[in-house]
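Asker: pasting the structure only:
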């Protein structure tokens, strides 16, 4: 998972910029709506909605916006019906990519994503071609300056964390989907700030990226996909060294 935590930090900064442009709000509203439609309006009884509400609050979305999105999902207010679709593809040097979208027009979205893949040195493939390379897990990333390794390890292992990896500047904690909330709440109770905490599709195998030019191509494709208004999540199995990510992060 080398490079993953640094990339998460870069994406976290990017999300703050997106929030200022309103782009992040649009994606969060879609997720709130779909989560409420699929599991009900009570966050306590709907884990997906609970996570969506937390993300919306972290992005400083106004309470009224959150409530309206939930009501659109439950049918209390009129709203667009979004469909959940996952597209699969390969990027430069065979990097596997999963793209999760919420769309009201599958044909339009598929065409636009196929065009992005093509322009950025990749190609879309059929369902099941790369999804088997990823497992859904909880992933929590914490700055090493915020807590000692021993204290954090004792805290999260008691609540069911499966693994904790110490990187140059961060800790990466992996959990099962079932134990994710318990581990996250334990960290919050300890007043430890997290860089990110999410249920994510983690790759089981990695493709090493050895040079800066190739890394730029891979990240260029990933960024272009993430910028699409229908895209909620992009997962990829690249392994880019921290040094290269640092350089690209400073240039972006």
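Answerer: Sure thing, it's come through. Here the structure is a predicted model, which is why all the values come from computation and not from measurement.
Asker: C-alpha from now on. contacts and neighbour counts both.
Answerer: Will do.
Asker: Now do the lengthiest strand in the chain: which elements does it pack against?
Answerer: Ranked by residue count under DSSP state E, the longest strand found in the chain is strand 134-143. Using 3 or more Cα pairs under 8 Å, 6 or more residues apart in numbering; DSSP states H and E as the contact test, the elements touching strand 134-143 are strand 170-175, helix 180-189, strand 196-203.
Asker: Please point out which parts of that strand sit buried.
Answerer: The neighbour-count check on strand 134-143 (16 or more other Cα atoms under 10 Å) flags 134, 137, 138, 139, 140, 141, 142, 143 as buried.
Asker: what would those residues look like in TSV with pLDDT and distance to residue 214?
Answerer: Shown next, in TSV, are these (pLDDT from 0 to 100; distance: Cα to Cα, whole Å):
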residue	pLDDT	distance to residue 214
134	93	22
137	91	28
138	90	28
139	89	26
140	90	27
141	89	25
142	90	28
143	88	27
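Asker: now, which of those residues sits nearest residue 126?
Answerer: Residue 126 lies nearest to residue 134 out of the buried residues of strand 134-143, by Cα to Cα, at 15.5 Å.
Asker: That closest one - nearest residue in space that isn't next to it in sequence?
Answerer: Of all residues not flanking residue 134 in the chain, residue 203 sits nearest, at 4.3 Å (Cα to Cα, 6 or more residues apart in numbering).
Asker: Burial check on the one you found, number of neighbours?
Answerer: With neighbours defined by other Cα atoms under 10 Å, the count for residue 203 comes to 22.
Asker: show me what contacts it?
Answerer: Residues near residue 203 by Cα atoms under 8 Å, 6 or more residues apart in numbering: 133, 134, 135, 236, 237.
Asker: Was I right to think the second one contacts residue 204?
Answerer: This means residue 134. Yes: assessed by Cα atoms under 8 Å, residue 134 is found in contact with residue 204 at 5.7 Å.
Asker: can you list the weak-confidence ranges in this structure?
Answerer: 1-21, 249-252 (pLDDT under 70).
Asker: Please determine how far the residue of it positioned farthest from its centre is located from residue 95.
Answerer: Relative to the centre of the chain, and counting by Cα atoms, centre = their mean, the farthest-placed residue is residue 76 at 28.8 Å. As judged by Cα to Cα, to the nearest Å, residue 76 and residue 95 stand 43 Å apart.
Asker: wait, residue 35 sits on residue 49?
Answerer: Yes: taking Cα under 8 Å as the definition, residue 35 is a contact partner of residue 49 at 5.0 Å.
Asker: so what's residue 146 up against?
Answerer: Neighbouring residues of residue 146 by Cα under 8 Å, 6+ apart: 192, 193.
Asker: er, residue 104 I mean
Answerer: Going by Cα under 8 Å, 6+ apart, the list of residues near residue 104 reads 80, 81, 82, 83.
Asker: about what we covered before: where's the residue nearest to residue 134 relative to residue 96, distance?
Answerer: 9 Å.
Asker: same thing with residue 205?
Answerer: 10 Å.
Asker: any shared contact partners between these two?
Answerer: 133, 237.
Asker: And the two? Which one has more around it.
Answerer: Comparing residue 205 with residue 96 by other Cα under 10 Å, the one with more neighbours is residue 96, at 24 against 13.
Asker: Skip the chain neighbours and tell me the closest residue to that one.
Answerer: residue 90 (4.7 Å).
Asker: Was I right to think that neighbour contacts residue 126?
Answerer: No: with contact defined as Cα under 8 Å, residue 90 does not reach residue 126; the gap is 10.7 Å.
Asker: which one of these two has more residues nearby?
Answerer: For residue 90 and residue 126, the more surrounded residue by other Cα under 10 Å is residue 90, and the numbers stand at 22 against 10.
Asker: Report the buried members of the contacts of residue 104.
Answerer: residue 82.
Asker: Tell me which of the contacts of residue 104 fall in strands.
Answerer: residue 83.
Asker: Fine by me, thanks again.
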